[in-house]
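# Fold the following.
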Amino acid sequence: QSEGYVRQLTGLEEARRIAFSERVKLMQDCADLQDTLDKLAATERGGPLIQGRHTKLQATCRSVADESGRLRDMNAVLGELLLSDELVENAEAE
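Sure thing, here's the model as predicted:
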């Protein structure tokens with residue numbers, strides 16, 4: 001009977017050691033997950049800032065595209081004026 005009792009205690013002791021090591025592993029996993037969660041939360045807090053910058057950059061891009069179109073139109077008009085002045089000068093020279 002005492003041999004059975006010793007085996008039972010040995011089994012319980014082994015189970016306790018396994019439970020303890022699993023508890024330590026679970027605590028480490030929880031700490032790792034909390035660290036990951038904290039990093040994600042920090043990234044998420046920067047989301048509105050990034051969205052605001054993106055919106056401003058889109059507006060700037062549209063503004064540059066509009067200005068480019070205006071400059072292209074002005075360049076075309078100035079080119080026509082230059083060509084018409086050259087035609088007038090050539091006609092007067094003849």
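
# tell me the contacts of residue 72?
Residues near residue 72 by CB atoms under 8 Å, 6 or more residues apart in numbering: none. Bear in mind the C-beta positions are built from the backbone N, C-alpha and C, glycine included.

# How far off centre is the helix or strand harbouring residue 23?
When elements are assigned from DSSP states H and E, residue 23 belongs to helix 2-45. Distance of helix 2-45 from its chain centroid, counting by CA atoms, centre = their mean, to the nearest Å, is 35 Å.

# One more: stretch 80-94?
Counting by CA atoms, centre = their mean, stretch 80-94 is centred 57 Å from the centre of its parent chain.

# angle of the helix of greatest length in the chain against helix 2-45?
The helix of greatest length in the chain, counted in residues with DSSP state H as the criterion, is given as helix 47-93. Per axes from the mean of the first three to the mean of the last three CA atoms, to 10 degrees, the angle that helix 47-93 makes with helix 2-45 is 30 degrees.

# hmm, back to that, could you list every helix and strand in contact with the helix holding residue 23?
Counting by 3 or more CB pairs under 8 Å, 6 or more residues apart in numbering; DSSP states H and E, no packing neighbours are recorded for helix 2-45 among the helices and strands.
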